[in-house]
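K.L.:
What follows is a predicted protein model with its sequence.
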Amino acid sequence: MKRKAVSIKNIADDLKISVTTVSFVLNGKAKEMHISKELTQRVLDYAKLINYKPNQIAQTLRTGKSKILVFMVEDISNSFFSKLARIFEDLAYEQGYKVIFCSNENNDEKSNELIEVFNFRQVDGFIIVPSPGIRNTVECLIKESTPVVLLDRFFEDLDCDSVVINNEEAAFNATMELIKNQFKNIGFVTTTSLQTQMKDRLSGYEKAIQSNTLKSAILRIPYDKILRGEGKKYIETFLLENIALDAVFFATNYLTQMGLQVFKENDSIPLRDFGIMAFDDNEMFKVYPVSISCISPPLHKIGVKAMELILSQINENVIKRQPQKSILECEIILRESSLQK
């Protein structure tokens, strides 16, 4: 038979004190309410002895806070998002918050369903890597004064806190590194996405190519084709049809991994003959037969800033507070793949 949960009334009855006193002690307000150290310790010791667990629903109704945050990303299995999630989890725990992690797969329907479910459960805030069509949903959260921070990408016509990296500048500088090392025919592999981060990465590449009067070669892979596992075929065809290419810049780490598989599986496209640049790092990039150069986002700074912004919304008047857009700089890590062949 299921054991009946212990309430603060049970504790009060057993210790012959008021429910209010027990509530103040268990909610950390003993000193503020001038409850003696002896009585405070007595309540805490007894609560521990009987393994008291607070009723989270009642606590949320009483305080208006669940102490739970939602961290929604595109794909939690992606190394960029999983590393970021771990950093954010540690930061949130230090502030007394627990985090619910979920993946929206860049799918609007799934994003909206997840947001609706967690909003109904009265989480304290959302950190969202938004799929392309949920602008109105995010706007509704803002109008309801629900704390929300957009991560990695944003909606250009929506005033909302966001933490992003300088994608265009990073892509420009990375392309320039390849050019400095005498690569002259640089291809760019990206997706068909029109989201801000992907548009800016393409723009950075194009500006570097144009400023050096070189010829661009761009592969845009439909995102649904990537989800179906067809991305490698697109990359292989692109490389075989553009035989003049001497370098390739991949716009995401998962595109880079697909490209590296193509090099490994196709002897007619040898990796050592190409310059390679990846957007975002991966532990495996260091140990490939040719180590892979990359753009490395400042993950810890991203996590810290996202935590700072969500807490400021929770603790301040969201209506009067001005939205903040934080743009962070990336580091370019040069390895063997960007050196002159």
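P.N.:
Now that the structure is in, tell me what you want to look at. Numbering: from 1, shown residues only.

K.L.:
quick one: the strands in the stretch 51-200 of the chain?
P.N.:
With DSSP state E, counting those that start in this stretch applied, the stretch 51-200 of the chain shows strands at 68-73, 98-103, 125-128, 148-151, 161-165, 186-191, listed in chain order.

K.L.:
Each with direction, which strands does the third one pair with?
P.N.:
Based on DSSP bridges, the strands next to strand 125-128 in the sheet, each with its direction, are strand 68-73 (parallel), strand 148-151 (parallel).

K.L.:
Kindly calculate the angle that the longest one makes with strand 98-103.
P.N.:
Counting by axes from the mean of the first three to the mean of the last three C-alpha atoms, to 10 degrees, strand 68-73 points 20 degrees away from the direction of strand 98-103.

K.L.:
ok, and for strand 68-73, which residues are buried?
P.N.:
When neighbours are counted by 16 or more other C-beta atoms under 10 Å, the buried residues of strand 68-73 are found to be 68-73. Every residue, glycine included, has its C-beta placed from N, CA and C.

K.L.:
ditto for stretch 258-271
P.N.:
Of the residues in stretch 258-271, 258-260, 262-263, 269, 271 count as buried by neighbour count, 16+ other C-beta under 10 Å.

K.L.:
Which single one of those is nearest to Ile333?
P.N.:
Closest approach between the buried residues of stretch 258-271 and Ile333, by C-beta to C-beta: Leu260, at 16.2 Å.

K.L.:
so what's the closest one up against?
P.N.:
Contacts of Leu260 were listed using C-beta atoms under 8 Å, 6 or more residues apart in numbering, and they are 271, 276, 288, 292.

K.L.:
Same check on Ile218?
P.N.:
187-188, 190, 202, 205.

K.L.:
Thr252 reaches Phe279, doesn't it?
P.N.:
Yes. The criterion here is C-beta atoms under 8 Å, and Thr252 meets it with Phe279 at 5.7 Å.

K.L.:
Between the two, point out the one with more neighbours.
P.N.:
Phe279 (28 against 22; other C-beta atoms under 10 Å).

K.L.:
From Ile209, how far off is that one?
P.N.:
Relative to Ile209, Phe279 is positioned 16 Å away (C-beta to C-beta, to the nearest Å).

K.L.:
Could you do Arg335 as well?
P.N.:
Remark: distance between Arg335 and Ile209 (C-beta to C-beta) = 22 Å.

K.L.:
and the nearest residue to Leu227 once chain neighbours are set aside, how many residues sit next to it?
P.N.:
Distances taken as C-beta to C-beta, 6 or more residues apart in numbering put Glu105 closest to Leu227, at 7.5 Å, once the chain neighbours are dropped. Glu105 is flanked by 15 other residues according to other C-beta under 10 Å.

K.L.:
Show the contacting residues for Glu105.
P.N.:
Here Glu105 is in contact with 74-75, 131, 227 (C-beta under 8 Å, 6+ apart).

K.L.:
again with Ala170
P.N.:
When the contact criterion is C-beta under 8 Å, 6+ apart, the partners of Ala170 are 201, 204, 279, 295, 329-330, 332.

K.L.:
Make a markdown table out of these and add pLDDT and secondary structure.
P.N.:
Putting the contacts of Ala170 into a markdown table (pLDDT from 0 to 100; DSSP: H, G, I helix; E, B strand; the rest coil) gives the following:
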| residue | pLDDT | secondary structure |
| --- | --- | --- |
| Arg201 | 98 | helix |
| Gly204 | 98 | helix |
| Phe279 | 97 | strand |
| Ile295 | 97 | strand |
| Glu329 | 97 | coil |
| Cys330 | 97 | coil |
| Ile332 | 97 | strand |
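
K.L.:
out of those residues, which one sits closest to Leu311?
P.N.:
Of all the contacts of Ala170, Leu311 sits closest to Glu329, with 23.1 Å by C-beta to C-beta.

K.L.:
who's in contact with the closest residue to the closest one other than its chain neighbours?
P.N.:
Setting aside the residues directly before and after it, Glu329 is nearest to Asn166 in space (C-beta to C-beta, 6+ apart), at 5.7 Å. Listed by C-beta under 8 Å, 6+ apart, the contact partners of Asn166 are 327-330.

K.L.:
buried subset of those residues?
P.N.:
Judged by 16+ other C-beta under 10 Å, buried ones among those: Cys330.

K.L.:
how much space between Tyr223 and Ala251?
P.N.:
Going from Tyr223 to Ala251 by C-beta to C-beta gives 12 Å.

K.L.:
Return every residue with contacts to both of these two.
P.N.:
What both Tyr223 and Ala251 touch, as defined by C-beta under 8 Å, 6+ apart, is the set Thr191.

K.L.:
which one of these two has more residues nearby?
P.N.:
The neighbour comparison of Tyr223 against Ala251 (other C-beta under 10 Å) goes to Ala251, with 29 against 18.

K.L.:
Minimum distance to Lys110: which of the strands paired with strand 125-128 has it?
P.N.:
The stretch from those with the least distance to Lys110 (C-beta to C-beta) is strand 68-73; that distance is 9.6 Å.

K.L.:
Residues contacting that closest one, please?
P.N.:
Residues outside strand 68-73 that contact it (C-beta under 8 Å, 6+ apart) are 81, 84-85, 88-89, 92, 97-104, 111, 114-115, 118, 121, 123-129, 151, 310.

K.L.:
residue ranges with poor pLDDT in the stretch 201-341 of the chain?
P.N.:
Scanning the stretch 201-341 of the chain for pLDDT under 70 picks out the ranges 317-320, 341.
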